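> Okay, sequence plus prediction incoming.
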Amino acid sequence: MSEKEQLKALVKEAEIYHSQGLLDQALEKYHDILEFVEGHERLSKDEKLVEAVNRKIQTVEGKLAEIEAADDKPELSEDVQSLIGKLFAFSKSKDRAAIEAGIALAKFGQYEKAVEEFQRLIKEGILPLQAAMNLMRCHLTLSSPDGAINEFKRWVSRNVFSTGDLKYLRKFLENALSKKGIQADLPQIEGGKPAKERPAEKEEAEEEEILALSSVTITLPEGPRKGESEEFEVNFQSGNAISIIISSKEKDLSTAFENGQALTNIQCFSSMGVFNSNGIVSGKALISSGPKKGDFAVDITIHEE
């Protein structure tokens, strides 16, 4: 392989890591590129090339510093975390409320606590499919696809979910990764491995589970882009209630939604297909901590047309 081909391969690998949000890996790869360039007499004399690589390193280091600063948030006490769950768990169902409490923690930037809560719900058999999907969404929201993939691999290797559930979760994760441009070698699900026996009430609760949505396309009801259609990733879901996150940088979108607004002709995407529905904006809140600090969380309740 020529010098040019080697350099091209390194740059391509670094850009893939960068585009997928794997900043630590991207930074390491950019340093490899710099070392490669400086180690060759001809390339090291190319000042523009060296400067371009250094700019890439500075850009990634800046992003990592922002994330580190966002992570230096005050830890919420157990009492406050419990209060968050109670305030944001509107469901009449105790099991559904447990899912909503985990989602609320994630919205407040408490991703580690949210992950622990979803893992606990899976272990106890409380709406395990919903808990599993929201657990993977936590990882994906944090641009940590490896975390979601590793969780799935653990479920496959242990007797936690039935074969049917694992196939459903695999399809869900595969679609979520595909939307981010990520190709992953997920284990195939074969055979008829039964799930651990669950109490009857847990099975009945799980039957309430509706189709998991990966994204929705909404006609913007307000703001400078009123009437335009925009696709949003579904960051969390509990029953027919979904949450989307709008970046603070997208001011034309952050002003498009207000609490109580009716939404019509929502296009809903799932692993099983596409369908149209209506909805209502059931909540809008500024995220006050964590890596999504400053962004808006918009809650939408989906209902039939």
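Yep, it's here.
> elements contacting the helix or strand encompassing residue 6?
Residue 6 belongs to helix 3-19 when assigned by DSSP states H and E. Counting contacts by 3 or more C-beta pairs under 8 Å, 6 or more residues apart in numbering; DSSP states H and E, helix 3-19 packs against helix 23-38, helix 41-44, helix 47-71. Any C-beta I mention is one placed from the backbone N, CA and C, and that applies to glycine too.
> if you average pLDDT over the second one, what comes out?
So the one you mean is helix 41-44. The average pLDDT within helix 41-44 is 82.
> Let's see it as CSV, backbone CA atoms only.
C-alpha atoms of helix 41-44 as CSV (Å, rounded to 0.1, in the frame of the first residue of the first chain):
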residue,chain,number,x,y,z
GLU,A,41,10.0,13.3,5.0
ARG,A,42,7.9,14.4,2.1
LEU,A,43,4.5,14.6,4.0
SER,A,44,6.0,16.4,7.0
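> So what's the gap between that helix and the chain middle?
From the chain centre to the centre of helix 41-44 is a distance of 42 Å (C-alpha atoms, centre = their mean, to the nearest Å).
> buried sites along that helix?
For helix 41-44, the neighbour count (16 or more other C-beta atoms under 10 Å) marks no residue as buried.
> ditto for the longest one
Within helix 47-71, the residues that count as buried by 16+ other C-beta under 10 Å are 53, 56, 57, 60.
> State whether the third one and residue 28 are indeed in contact, as I suppose.
No. Contact between residue 57 and residue 28 fails when scored by C-beta atoms under 8 Å: they sit 10.2 Å apart.
> ok, back up a step: for residue 172, which of the helices and strands packed on helix 3-19 is the nearest?
helix 23-38 (24.9 Å; C-beta to C-beta).
> relative to helix 47-71, how tilted is the helix holding residue 6?
Orientation of helix 3-19 against helix 47-71 (axes from the mean of the first three to the mean of the last three C-alpha atoms, to 10 degrees) gives an angle of 20 degrees.
> which residues are in contact with the helix or strand where residue 252 lies?
For residue 252, the element it lies in under DSSP H and E is helix 251-254. Identification of contacts with helix 251-254 by C-beta atoms under 8 Å, 6 or more residues apart in numbering yields 220, 223, 224, 225, 230, 246, 247, 248, 296.
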